[in-house]
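Peer 1: when you get a sec, could you give me coordinates for this:
(2 chains)
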2 protein chains.
Amino acid sequence: MNHPLRLGIAGLGTVGVGVVKIIRKHAQLLEQRTGRKIVISAVSARTRDKDRGVSLSGYDWEDDPVALAKRDDVDVFVEVMGGSDGPAKAATEAAIAAGKDVVTANKAMLALHGQTLAETAEEKGTVIRFEAAVAGGIPAVKALTEGLAGNEITRVMGVMNGTCNYILTRMEATGQGYNALFDEADKLGYLEADPNLDVGGIDAGHKLALLASIAFGTKVSFDNVVLEGIQRISLDDITRAADMGFRIKLLGVAQMTARGLEQRMTPCLVPTLSPLGQLEGGTNMVVLEGDSIEQIVLRGPGAGEGPTASAVMSDITDIARGIRVSTFGQPAKTLTNAPPSRSATPAPYYLRMELQDKPGALAKVASILGEAGVSIDRMRQYGHADTTAPVLIVTHKTTPAALEQATAGLAKTDVLVSDPVSLRIEVL
Amino acid sequence: MNHPLRLGIAGLGTVGVGVVKIIRKHAQLLEQRTGRKIVISAVSARTRDKDRGVSLSGYDWEDDPVALAKRDDVDVFVEVMGGSDGPAKAATEAAIAAGKDVVTANKAMLALHGQTLAETAEEKGTVIRFEAAVAGGIPAVKALTEGLAGNEITRVMGVMNGTCNYILTRMEATGQGYNALFDEADKLGYLEADPNLDVGGIDAGHKLALLASIAFGTKVSFDNVVLEGIQRISLDDITRAADMGFRIKLLGVAQMTARGLEQRMTPCLVPTLSPLGQLEGGTNMVVLEGDSIEQIVLRGPGAGEGPTASAVMSDITDIARGIRVSTFGQPAKTLTNAPPSRSATPAPYYLRMELQDKPGALAKVASILGEAGVSIDRMRQYGHADTTAPVLIVTHKTTPAALEQATAGLAKTDVLVSDPVSLRIEVL
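Peer 2: Reported below is the predicted structural model:
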């Protein structure tokens, strides 16, 4: 066990550079903790001549990540290039074929190809670890896979896209609308090349699908994640929700129900005073619930050089220590195909509508909800200057179907100025 | 790797029974996740004839835990008896001598004898794991030892005694004093046989000492934990602190400073709106800070059958999976002897005093603080019916020495009705 662990690092962006820095800075600490030297044999990136703020002297250079993955002097292939396919996937496959262990931060690749990659790796006797792919620096994969291994997991929740949470909390703090804060996030470099990965909830959906696979012993099925981004969230909804004691989060929820596996990454209301409600800016939070543990909440930085590199290092030190856990917590071949749940668990909902200011309007709204079997918990009509009245309703627990019937009915009436806005309230 | 992992469980109280229940209920799940059957060979407890709400048929019975620890059909000795010495220690030593791995929930034993036990175990090639000994169900030991292994840890903080937090938060909620809530906690069975272990901060101090050892690569040194319980916390301080935007917690803090290793388990003020400030009742929280991770916060149930058994199972499933990490994250022989810091890191302080209502009194207070080099951040004098005036002061960062000089000076004046109360404000 005492020969050095030799790394090949593919990708020298923020994360890759962060990993190099830690390995250079903490060589002795890492050896004390793992019992082995952890060394870098070679690195690879798109452009070689670029000042990355860290010396790469002493590491071989490979232009081709596939060549890097196959090198005899590489024990662990560290894939921090990103991209669900292309070079990242090709190099990961090459590494596995060559019998290397793989540490990756690539949520997209695993969400789409994780099952195949894990099966291949397990046939070859290598491991694929991906702590950095979910919730940045938070050791969420480890907590779920190892820390809660004695639990039947009942629900996994998470705010796992810092950019969305940044935009939503800044909207509330500054009173500016979505577009203005989108531009601000863009200027700050918080957005992926394809912003829809962030604001469309896709990136967070990838992460949820990975956690769900571990939690429920099911094959990763990103296609069955119900996705909705934050683009339609208005300042109105944020302030009105706050009035009612809620904050809006892009919240991921996965649970196994009698109706099948439920996976949602959608804007939800959560109580302002709950841990999830308190989350500001780019901070991430993962909530894990199990039959014995009840609930644990993990909070930490969701991105950034240091935190993400810290998560990559956690996988590397695990491998150096001889810790070898199946990618999804049990052999990939034993993961089941869970039928997706066609409808979400009943929940209370938030309804906002602009009511025409005429007699009987509110009565009509109430009766339409009643006919749909949606009962009202709280209702507020706000004072108003013009001829329309903002009305907020918090319903009792209801099925999504009943709620749809109600909103469809409301949309058809002549008493609303515009279609009602409905948002799920997640019960914590 | 595929022969069953055979357990001997010593202690059938809440935790032991919880472990038996999980192993009976989730046999298949555990085998899927670890690749091995996890079975119980034998159990041991003080009294045999007692209904524990779970069937023990099929397990051999040992009256003597030492005999249990030595059995040939036991691979892992699960020590959930408690007690720093006596049978727990004897049986643990016997298990190690017999080459068994040990899983324990015994913070007292490890805080006092962890170094010797770990060294012996590592010489024998066995492991001692103790996730359940710290912060109940929260996988805090795993997060620190493995999840943050790439970090130089800068500070560890925690609210790790649910009983104290229950008493403090109930005092605030009910307006009752310490003694009344102590009795309530006692009636609810929240107190250890020796209540001072809880309210004196000893139990939480044990936990802090264990985390500090992992965090800083130092030998466990519980003797150097500065301990103060919650007995002197008055309802007055709780309500006055709340006025100033703080809540009082029994907070553990460990950090490596130029002055040496600082370990404190004392009542501190934390901002009401911080994660630590929001903590209610028996919930625990561990805050881990490192040079790359910045800060992660772990929150969960600090006690109870399910959560504690979940933590024990985490160690058992690790061993079943072949995960073998040194007890304190690096070989016990390499842990250093850190000199204890003689004084705490400078911090702001909360001062409460009853001022005699006469001219110049406040001026005298201010000048005494000034002479001691303690500068005032915020000051409040409250309206009052009688002839004394409650005065609250929040100081700027100051050294404990300067604060002591100030409070000593204040105590000597003729303008205070009673000695001033001072509490540290921990900066998060």
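Peer 1: name the residues that touch the longest helix seen in chain A?
Peer 2: Counting by DSSP state H, the longest helix found in chain A is helix A:107-124. Helix A:107-124 is contacted by residues A:79, A:82-85, A:88-89, A:92-93, A:96-97, A:99, A:102, A:104, A:127-128, A:130, A:133-134, A:197, A:203, A:205-207, A:209-210, A:213, A:219-220, A:222, A:326-328, A:331-333, A:335 when judged by C-beta atoms under 8 Å, 6 or more residues apart in numbering or on different chains. C-beta: built from backbone N, CA, C; applies to glycine.
Peer 1: got a quick ChimeraX command for the buried subset of the residues you listed?
Peer 2: Per 16 or more other C-beta atoms under 10 Å in any protein chain shown, the buried members of the contacts of helix A:107-124 correspond to this ChimeraX selection:
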select /A:79,82,84,88,89,92,93,96,102,104,127,128,130,133,134,197,203,205,206,207,209,210,213,219,220,222,326,327,328,332,335
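Peer 1: so which of the contacts of helix A:107-124 also contact chain B?
Peer 2: For chain B, the contacts drawn from these by C-beta under 8 Å from any C-beta of the partner chain are A:Pro331.
Peer 1: that older thread, buried stuff in the longest helix of chain A?
Peer 2: A:107-115, A:117-122.
Peer 1: and the two most separated of those residues?
Peer 2: The largest separation in the buried residues of helix A:107-124, counting by C-beta to C-beta, is between A:Ala108 and A:Glu122 at 21.2 Å.
Peer 1: quick revisit: what is the mean pLDDT for the next helix or strand after the longest helix of chain A?
Peer 2: Counting by DSSP states H and E, the next helix or strand C-terminal to helix A:107-124 is strand A:128-129. Predicted confidence along strand A:128-129 averages 98 (mean pLDDT).
Peer 1: quick one, helices of the stretch 201-350 of chain A?
Peer 2: For the stretch 201-350 of chain A, the helices defined by DSSP state H, counting those that start in this stretch cover A:202-216, A:235-243, A:305-320.
Peer 1: run the contact check for the longest one versus chain B.
Peer 2: By that I understand helix A:305-320. Yes - counting by C-beta under 8 Å from any C-beta, chain B is contacted by helix A:305-320 at A:Gly306, A:Pro307, A:Ala309, A:Ser310, A:Ala311, A:Val312, A:Met313, A:Ser314, A:Ile316, A:Thr317, A:Asp318.
Peer 1: determine which two of the residues you listed are furthest apart.
Peer 2: Largest separation among the residues of helix A:305-320 next to chain B by C-beta to C-beta: A:Gly306 and A:Asp318, giving 18.8 Å.
Peer 1: just the helices in the stretch 1-150 of chain A please.
Peer 2: Going by DSSP H, counting those that start in this stretch, the stretch 1-150 of chain A shows helices at A:14-25, A:27-34, A:65-70, A:86-97, A:107-124, A:140-142.
Peer 1: make a markdown table from those helices and add mean pLDDT to it.
Peer 2: Formatted as a markdown table, the helices of the stretch 1-150 of chain A follow (pLDDT from 0 to 100):
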| stretch | mean pLDDT |
| --- | --- |
| helix A:14-25 | 97 |
| helix A:27-34 | 98 |
| helix A:65-70 | 98 |
| helix A:86-97 | 98 |
| helix A:107-124 | 98 |
| helix A:140-142 | 98 |
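Peer 1: A:Val365: which of the ones you listed is closest?
Peer 2: Per C-beta to C-beta, nearest to A:Val365 of the helices of the stretch 1-150 of chain A: helix A:107-124, 40.7 Å.
Peer 1: CA atoms of the closest one as PDB?
Peer 2: The C-alpha coordinates for helix A:107-124 follow below in PDB (Å, rounded to 0.1, in the frame of the first residue of the first chain):
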ATOM      1  CA  LYS A 107     -22.500  15.400 -13.200                       C
ATOM      2  CA  ALA A 108     -23.700  15.600 -16.800                       C
ATOM      3  CA  MET A 109     -21.600  12.600 -18.000                       C
ATOM      4  CA  LEU A 110     -22.700  10.500 -15.000                       C
ATOM      5  CA  ALA A 111     -26.400  11.500 -15.200                       C
ATOM      6  CA  LEU A 112     -26.500  10.400 -18.900                       C
ATOM      7  CA  HIS A 113     -23.900   7.500 -19.000                       C
ATOM      8  CA  GLY A 114     -23.300   6.700 -15.300                       C
ATOM      9  CA  GLN A 115     -25.000   3.300 -15.500                       C
ATOM     10  CA  THR A 116     -22.900   2.000 -18.400                       C
ATOM     11  CA  LEU A 117     -19.700   3.500 -17.100                       C
ATOM     12  CA  ALA A 118     -20.200   2.100 -13.600                       C
ATOM     13  CA  GLU A 119     -21.000  -1.400 -15.000                       C
ATOM     14  CA  THR A 120     -17.900  -1.400 -17.100                       C
ATOM     15  CA  ALA A 121     -15.700  -0.100 -14.300                       C
ATOM     16  CA  GLU A 122     -17.100  -2.800 -11.900                       C
ATOM     17  CA  GLU A 123     -16.400  -5.500 -14.500                       C
ATOM     18  CA  LYS A 124     -12.800  -4.200 -14.700                       C
END
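Peer 1: residue in the stretch 301-428 of chain A with the shortest distance to chain B?
Peer 2: A:Met313 (2.6 Å; C-beta to the nearest C-beta).
Peer 1: pretty sure that residue contacts B:Gly147?
Peer 2: No - A:Met313 is beyond contact range of B:Gly147, at 9.7 Å (criterion: C-beta atoms under 8 Å).
Peer 1: more neighbours, those two?
Peer 2: B:Gly147 (36 against 29; other C-beta atoms under 10 Å in any protein chain shown).
Peer 1: how near is the residue nearest in space to the middle of chain A to chain B?
Peer 2: Central residue of chain A (C-alpha atoms, centre = their mean): A:Ala204, 3.0 Å from the mean position. Using C-beta to the nearest C-beta, to the nearest Å, A:Ala204 is found at 19 Å from chain B.
Peer 1: residues contacting that residue?
Peer 2: A:Ala204 makes contact with A:Gly158, A:Val159, A:Met160, A:Asn161, A:Cys164, A:Leu250, A:Gly252, A:Met265, according to C-beta under 8 Å, 6+ apart.
Peer 1: what sits against the first one?
Peer 2: In this case it means A:Gly158. Contacts of A:Gly158 by C-beta under 8 Å, 6+ apart are A:Ala135, A:Ala140, A:Ala204, A:Lys207, A:Leu208, A:Leu211, A:Leu251, A:Gly252, A:Asn284, A:Met285, A:Val286, A:Val287.
Peer 1: turn the residues you listed into CSV, including distance to A:Leu168.
Peer 2: Below are the contacts of A:Gly158 laid out as CSV (distance: C-beta to C-beta, whole Å):
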residue, distance to A:Leu168
A:Ala135, 17
A:Ala140, 21
A:Ala204, 12
A:Lys207, 17
A:Leu208, 17
A:Leu211, 21
A:Leu251, 11
A:Gly252, 14
A:Asn284, 13
A:Met285, 13
A:Val286, 18
A:Val287, 18
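Peer 1: quick check: residues of the stretch 301-428 of chain A near chain B?
Peer 2: Going by C-beta under 8 Å from any C-beta, the residues of the stretch 301-428 of chain A near chain B are A:301, A:304, A:306-307, A:309-314, A:316-318, A:321-325, A:329-331, A:334.
Peer 1: of all the contacts of A:Gly158, which two lie farthest apart?
Peer 2: Of all pairs in the contacts of A:Gly158, the most separated under C-beta to C-beta is A:Ala140 and A:Leu251 at 14.9 Å.
Peer 1: give the buried residues for stretch A:178-198.
Peer 2: Neighbour-count burial for stretch A:178-198, counted by 16+ other C-beta under 10 Å, picks out A:Tyr178, A:Leu181, A:Phe182, A:Ala185, A:Tyr190, A:Leu191, A:Glu192, A:Pro195, A:Leu197, A:Asp198.
Peer 1: which one among the residues you listed gets closest to A:Arg352?
Peer 2: Checking the buried residues of stretch A:178-198 against A:Arg352 by C-beta to C-beta gives A:Tyr178 as the nearest, at 15.6 Å.
Peer 1: identify the residues contacting the closest one.
Peer 2: So A:Tyr178 contacts A:Ile167, A:Met171, A:Ile230, A:Gln231, A:Ile233, A:Ser234, A:Leu235 (C-beta under 8 Å, 6+ apart).
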